[in-house]
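1. Sequence unavailable; structure follows:
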């Protein structure tokens, strides 16, 4: 069976500590908190946990040199009005490990991820993501993007970069598969 978790809120507690609130189908509420200043680690107890869309807002956004690590997770069917259907990384450090980003949509660029920071993807799958502009799976603008031992398959963009659009950024792909 698949566990569904919906991201419902990103905010601060009464004492000013940042958190992300997740609610599972059975109503269980989880607060994920940073382990150090500006660092948030999401590692589900069960590898089948999914962060799923419930409206047209960014599900995860990293700004101002923040750090986010996503491991053994699935981000699916998220939608963003601009860029980064599942994740918008503006100047932060994002690591995705052993995870799946599937069926995410951006009305403009980066169907799954918009990156203008540092992004490392390892042993992960990005599939069936869509952008109305550039970068069906990822749009990398003046960022640093490294992809290792990963699969990008069936991603589409109406303008350019079915899988990846790299503009003025640094791109390294090693031992990975990119297919239509």
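-> Yep, that arrived. Just so it is clear, the model here is predicted, and its values are computed rather than measured.
2. Neighbours of residue 81, how many?
-> 11 (other Cβ atoms under 10 Å). C-beta here means a position set from N, CA and C on the backbone, and glycine is covered the same way.
3. how far does stretch 116-126 stretch from start to finish?
-> 18 Å (Cα to Cα, to the nearest Å).
4. cool, stretch 128-143 as well?
-> 23 Å.
5. taking the mean pLDDT, what do you get for that stretch?
-> Mean per-residue pLDDT for stretch 128-143: 96.
6. Please renumber the chain so that the first residue is 23 from this point on.
-> Happy to do that; since the first residue is 23 now, the last one works out to stretch 150-165.
7. List the buried residues in that stretch.
-> Neighbour-count burial for stretch 150-165, with 16 or more other Cβ atoms under 10 Å as criterion, is recorded at 150-153, 155-163, 165.
8. Pick out whichever of those residues sits closest to residue 100.
-> residue 151 (9.5 Å; Cβ to Cβ).
9. Relative to residue 89, how far out is the closest one?
-> 23 Å (Cβ to Cβ, to the nearest Å).
10. if we can go back for a sec, looking at the buried residues of stretch 150-165, which are in strands?
-> Within the buried residues of stretch 150-165, residues falling in strands by DSSP state E are 152, 153, 160, 161, 162, 163.
11. and of those, the nearest to residue 129?
-> Nearest member of those to residue 129, counting by Cβ to Cβ, is residue 153, at 8.3 Å.
12. Who are the contact partners of the closest one?
-> With contacts defined as Cβ atoms under 8 Å, 6 or more residues apart in numbering, residue 153 is in contact with 105, 107, 127-128, 130-133, 161, 178-181.
13. As a markdown table, those residues with distance to residue 142 and secondary structure would be great.
-> What follows is those, written out as a markdown table (distance: Cβ to Cβ, whole Å; DSSP: H, G, I helix; E, B strand; the rest coil):
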| residue | distance to residue 142 | secondary structure |
| --- | --- | --- |
| 105 | 19 | strand |
| 107 | 19 | coil |
| 127 | 23 | strand |
| 128 | 21 | strand |
| 130 | 24 | coil |
| 131 | 20 | strand |
| 132 | 16 | coil |
| 133 | 19 | coil |
| 161 | 16 | strand |
| 178 | 24 | strand |
| 179 | 22 | strand |
| 180 | 27 | coil |
| 181 | 26 | coil |
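14. Show me which of these are buried.
-> When the contacts of residue 153 are checked for burial by 16+ other Cβ under 10 Å, the buried set is 105, 107, 127, 128, 130, 131, 132, 133, 161, 178, 179.
15. Tell me what the closest residue to the first one other than its chain neighbours is bridged to.
-> For residue 105, ignoring the flanking residues on the chain, the nearest one in space by Cβ to Cβ, 6 or more residues apart in numbering is residue 136 at 3.5 Å. Partner residues in beta bridges with residue 136: residue 110, residue 161, with DSSP bridges as the criterion.
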